[in-house]
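Participant: I would like to see how this sequence folds:
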Amino acid sequence: MGKETIICIVIVVLIVVSNILTQNYTVDSVEELSNSLSELKSKLEEQEESIDKDDIKDKIQNIEDDWKNRHEKLAYFIEHDELEKVETNLTSLKSFIVTNEYSEAVSELDKSIFVLKHIEEKYAFNLQNIF
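Facilitator: Residues are numbered from 1 along each chain as shown. Below is the predicted model:
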């Protein structure tokens, strides 16, 4: 009976530790991407004459590259449907930026931030999500 108890405790500890690690990575990823998207939003909301189009395109490319790197790791422990929503929003955002439709880009940007925050809340380690 003692061996079974120890094995169960070890398994529970491993589950809790791995959940904490994945939660920390998810929070860091969401925070960094949300901050990058918020910076991009502030640049897009400037008057159209003062928008630096090359800077905007560089910024969206950096965000897209960062997302691709994080997407590979997040895919191990987050539903693919949730990640595809972010991917779709970022693709739409990029297309609106390329076509210089900045008001539509801001709308997609807000959707992307919302979905990222939703992912963070959905996979948070709390009693409501455990039960």
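Participant: And Asn35, how far from Ser42?
Facilitator: 11 Å (C-beta to C-beta, to the nearest Å). Any C-beta I mention is one placed from the backbone N, CA and C, and that applies to glycine too.
Participant: er, Glu64 I mean
Facilitator: From Glu64 over to Ser42 the distance is 18 Å, taken as C-beta to C-beta.
Participant: These two: who's more crowded?
Facilitator: Glu64 (14 against 9; other C-beta atoms under 10 Å).
Participant: what mean pLDDT does the one helix or strand that one maps to have?
Facilitator: Counting by DSSP states H and E, the element that carries Glu64 is helix 53-74. Taken as a whole, helix 53-74 has an average pLDDT of 90.
Participant: can you give me the helices in the chain?
Facilitator: 2-44, 53-74, 80-98, 102-122, 127-130 (DSSP state H).
Participant: In terms of mean pLDDT, which of these ranks lowest?
Facilitator: Mean pLDDT is lowest for helix 127-130 among the helices of the chain, at a mean of 58.
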